[in-house]
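>>> Predicted model, plus sequence, below.
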Amino acid sequence: MRFRSILMLTGLILAAAGIVEGRAERRAVPASNRPAKKAVLIGHFRTHTIQAGETFLDIARKYDLGILALQAAYPDKNPWVLDAGNDLLIPSLWIVPPTKSRAIVINVPEMRLYRFNNKKNLVTTHPVTVGERETPTPIGTFRVVDKKINPQWDIPERLQYKYKEKSVPPGDDNPIGKYWLGLSCRGYGIHGTDNPWSVGRIISNGCIRMYPEDMEKLFPDVRKGTVVEIIYEPVKFGFRRDAIFVEVHEDLYGRIQNMEQHARLVARRMAIEDSVDWRKVRLALKARSGVPVPVGALEKGGETALSAGRRN
């Protein structure tokens, strides 16, 4: 219940800033708000009226989210039994992750992909499935080296026992879907799926899965040679106008020993460690909701300021 109050408070703050819109484009960033030297917020909170028989799976796909993202935002709700007629605030709001290439960035703990269109000054973002702990998604900077439509899936030797065959031909039952973007990390790629309900989870063998409709949009937009940065960042700080936000996700692979120390390191690198309310950050670290929440403010001109009594 505490997080629900925080979520509503965040919604009120964003509404005052004019970024909670019922029909707003949820993935495009206008030029005036495009990521530059600072990590910015993109997207909007939206309102959804629950329909009879709907589950989090249905709602997540409708708003281009993964089911785990909704569950993290609403841990007190039963994802399979929802009250029809009630409104749900959809957290389709994100902090753009750090990037050097401004091409494709995949943040594993967030289970999201960001595609930068520098000519149009836009960023689009989609949920993805990442690898389990036993078969983690590789972290690093890679390139797209292969593009295939209706690919045959040559099953890795380590998985052949599971499928009882060495390959799966193209078709509706192919686990990698209709499109394949092979990465320079051999055997790994970005692809669709024959099971859309698996998107936004931690269940792959290391590859990046996307909803078929998202992969259909991404595929023609990506050329061979495109840089793909796969990062591991469960804590992101970002800005919308004068407000500082933090977005916290689960440490999926258990790589962070102390989340607060890690958050302070991220804030220090951004020169905002003394400009956020760390009591609020601790609440966000505890909730790990994946939803950006306000934790500080910038003075006009970009200078940071908070009273000394609120910094610790």
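Sure, I can see it. Numbers count the residues shown, from 1 in each chain.
>>> Can you pull out the low-pLDDT segments for the stretch 51-200 of the chain?
Scanning the stretch 51-200 of the chain for pLDDT under 70 picks out the ranges 160.
>>> one more time with 80, if that's ok
153-169, 171 (pLDDT under 80).
>>> pretty sure Pro170 is in a helix, no?
No. Membership of Pro170 in a helix is not supported by DSSP: H, G, I helix; E, B strand; the rest coil, which gives coil.
>>> need the contact list for it.
Contact partners of Pro170, counting by Cβ atoms under 8 Å, 6 or more residues apart in numbering, are Asn150, Pro151, Gln152, Lys178. Where C-beta positions appear, they are placed from N, C-alpha and C, glycine not excepted.
>>> Could I have the buried ones of those residues as ChimeraX selection syntax?
Of the contacts of Pro170, the buried ones go into a single ChimeraX selection, burial set by 16 or more other Cβ atoms under 10 Å:
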select :151,178
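>>> Which pair in the contacts of Pro170 has the greatest spatial separation?
Gln152 and Lys178 (12.1 Å; Cβ to Cβ).
>>> okay if I get the contacts of Pro170 as TSV plus distance to Tyr253?
As requested, the contacts of Pro170 are exported to TSV (distance: Cβ to Cβ, whole Å):
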residue	distance to Tyr253
Asn150	33
Pro151	28
Gln152	30
Lys178	29
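>>> of all the contacts of Pro170, which comes closest to Phe116?
For the contacts of Pro170, the closest approach to Phe116 (Cβ to Cβ) belongs to Lys178, at 24.0 Å.
>>> Show me the strands in the stretch 1-150 of the chain, by range?
For the stretch 1-150 of the chain, the strands defined by DSSP state E, counting those that start in this stretch cover 41-49, 87-95, 104-107, 112-117, 122-127, 130-131, 140-149.
>>> Can I get these in CSV including distance to Ala72?
Shown next, in CSV, are these (distance: least, Cβ to Cβ, whole Å):
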stretch, distance to Ala72
strand 41-49, 15
strand 87-95, 9
strand 104-107, 14
strand 112-117, 12
strand 122-127, 12
strand 130-131, 15
strand 140-149, 26
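>>> Columns distance to Ile230 and mean neighbour count on top of those strands, output as JSON lines?
As requested, these are exported to JSON lines (distance: least, Cβ to Cβ, whole Å; neighbours: other Cβ atoms under 10 Å):
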{"stretch": "strand 41-49", "distance to Ile230": "20", "mean neighbour count": "20"}
{"stretch": "strand 87-95", "distance to Ile230": "17", "mean neighbour count": "21"}
{"stretch": "strand 104-107", "distance to Ile230": "5", "mean neighbour count": "25"}
{"stretch": "strand 112-117", "distance to Ile230": "10", "mean neighbour count": "21"}
{"stretch": "strand 122-127", "distance to Ile230": "15", "mean neighbour count": "22"}
{"stretch": "strand 130-131", "distance to Ile230": "9", "mean neighbour count": "24"}
{"stretch": "strand 140-149", "distance to Ile230": "6", "mean neighbour count": "15"}
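>>> Which of the ones you listed sits closest to Val235?
strand 87-95 (9.8 Å).
>>> how far off strand 112-117 does the closest one point, in degrees?
60 degrees (axes from the mean of the first three to the mean of the last three Cα atoms, to 10 degrees).
>>> what about Gly131, distance to Lys166?
21 Å (Cβ to Cβ, to the nearest Å).
>>> could the contacts of Pro170 go into TSV alongside distance to His48 and secondary structure?
Converted to TSV, these look like this (distance: Cβ to Cβ, whole Å; DSSP: H, G, I helix; E, B strand; the rest coil):
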residue	distance to His48	secondary structure
Asn150	34	coil
Pro151	35	coil
Gln152	39	coil
Lys178	28	coil
